[in-house]
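Trainee: structure for the following, please:
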Amino acid sequence: MPGTEPPTSNVRAALREAVRRASLAHPDLDEFHLTIEEAGAGEPVVFLHGLLGLNEHWIPAVETLSKRSRCIMLEFPLARIPHKLCSIDAVTAMVKRELIGLLDGPAVFIGNSLGGHLALRVALDHPEAVRGIVLAGSSGLFEREIVVGRTAQHRPSRDWLQMKINELFSDPANVPAGTVDRVYEELSNRRAARALVRLSKSAKSDNLAAHLAEIEAPALLLWGRGDTVTPPSVAEEFNELMPNAHIHWLEGAGHAPQIEQAEAFTKAIDDFLNEFDPYYPLRSRQEVA
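Mentor: From the prediction side, this is the model:
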């Protein structure tokens with residue numbers, strides 16, 4: 001019933017034990033920390049971006065959703081991750097480590113691209129920590145390479161990067177100002193370029209198809225119709241494999257719908273939270289608009 005407190009859980013203890021075990025496999029794990037930004041109060045909603053993403057790309061959604069939820073954004077400067085930690089296993093462990101200090105109960109996870117993949121890994125490892133999951137252009141089944149390995153490792157030209165970044169969007173005019181310059185500067189550092197390539201390859205090799213049926217939490221597949229990196233067929237496959245998933249298509253959006261169709265993206269999440277979560281108070285559209 002609305003207003004009922006969520007049940008207590010052992011989320012924090014389970015995450016702490018998982019990170020302890022991960023630290024044995026990755027001794028450098030504790031030396032690398034993510035940037036955490038929060039807004040709002042209420043039940044927690046965790047945002048995880050993709051390889052080329054930033055926390056700021058969630059701001060349009062957070063400005064609305066923070067009126068009803070505690071929005072937690074985790075930014076991992078993937079291009080600066082040490083070589084030994086450039087794997088989906090290590091980055092998942094980094095996320096879990098940060099969550100120890102942030103969660104004392106389950107949360108809704110929202111992930112774009114690699115961020116969706118990380119959310120899936122958390123859901124598989126710790127179902128008690130996940131009340132719901134929103135995937136937007138998630139990896140974990142199939143993803144076309146955003147940055148080609150050999151080219152990325154040999155200082156790609158700005159024009160080439162412009163072309164590749166444009167491919168992420170249904171309309172290249174929606175690419176945020178300064179994105180190409182930022183990525184060009186990051187990939188001019190060969191160490192950073194190799195880190196991105198290594199992480200991309202690790203994600204591509206971590207196919208979760210055989211395990212997705214284990215995720216029982218409600219799942220919203222919030223997919224751009226014009227996504228060419230994880231095309232609509234990928235969303236349909238997720239929908240077939242996850243027992244409590246449904247697809248919401250976003251017209252006029254590519255691989256980053258939170259940027260390209262921010263209003264429709266946010267409304268779909270707001271509706272999803274209302275639909276499955278009895279702990280959120282029911283509010284009129286005017287209250288959350």
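Trainee: and the strands in the stretch 101-250 of the chain?
Mentor: For the stretch 101-250 of the chain, strands defined by DSSP state E, counting those that start in this stretch occupy the ranges 107-112, 130-136, 219-224, 245-250.
Trainee: show me the shaky parts of the stretch 51-200 of the chain.
Mentor: In the predicted model, the stretch 51-200 of the chain carries pLDDT under 70 at residues 79, 145-155.
Trainee: could you check how far S233 is from R80?
Mentor: Separation of S233 from R80 (Cβ to Cβ, to the nearest Å) stands at 34 Å. (Glycine included, C-beta is placed from N, CA and C.)
Trainee: ok so, going back, right, and the strands of the stretch 101-250 of the chain - which one's nearest V197?
Mentor: Distance to V197, taken as Cβ to Cβ, is lowest for strand 107-112 among those, at 19.4 Å.
Trainee: alpha carbons of that closest one, in PDB - could you do that?
Mentor: The C-alpha trace of strand 107-112 is given here as PDB (Å, rounded to 0.1, in the frame of the first residue of the first chain):
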ATOM      1  CA  ALA A 107      17.000   0.600  -5.600                       C
ATOM      2  CA  VAL A 108      15.800   1.200  -9.200                       C
ATOM      3  CA  PHE A 109      18.700   1.100 -11.600                       C
ATOM      4  CA  ILE A 110      18.700   3.100 -14.900                       C
ATOM      5  CA  GLY A 111      21.500   2.300 -17.300                       C
ATOM      6  CA  ASN A 112      22.500   3.400 -20.800                       C
END
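Trainee: tell me where the chain has helices.
Mentor: In the chain, the helices defined using DSSP state H lie at 11-25, 59-65, 88-100, 114-125, 149-152, 158-166, 179-187, 190-205, 232-241, 257-260, 262-276, 285-288.
Trainee: nearest to L74 among the ones you listed would be which one?
Mentor: Among the helices of the chain, helix 88-100 comes nearest to L74, with 5.9 Å by Cβ to Cβ.
Trainee: what packs against that closest one?
Mentor: helix 11-25, helix 114-125, helix 190-205 (3 or more Cβ pairs under 8 Å, 6 or more residues apart in numbering; DSSP states H and E).
Trainee: repeat that with 6 Å
Mentor: On a contact count with 3 or more Cβ pairs under 6 Å, 6 or more residues apart in numbering; DSSP states H and E, helix 88-100 meets helix 11-25, helix 114-125.
Trainee: so which of the ones you listed is the most surrounded?
Mentor: Of all the helices and strands packed on helix 88-100, helix 114-125 carries the top mean neighbour count, a mean of 25, counting by mean count of other Cβ atoms under 10 Å.
Trainee: would you mind measuring from S113 to H83?
Mentor: 22 Å.
Trainee: now do A245
Mentor: Using Cβ to Cβ, A245 is found at 35 Å from H83.
Trainee: these two: which is more packed in?
Mentor: A245 (19 against 10; other Cβ atoms under 10 Å).
Trainee: near the closest residue to A41 other than its chain neighbours, how many residues? Count them for me, please.
Mentor: Spatial nearest neighbour of A41, chain neighbours left out: R70 (5.4 Å); criterion: Cβ to Cβ, 6 or more residues apart in numbering. Here the count is done by other Cβ under 10 Å, and R70 has 18 residues near it.
Trainee: so who does R70 touch?
Mentor: With contact set as Cβ atoms under 6 Å, 6 or more residues apart in numbering, R70 has these partners: 40-42, 44.
Trainee: give me the buried subset of these.
Mentor: For those, a neighbour count by 16 or more other Cβ atoms under 10 Å gives the buried set as 40, 42, 44.
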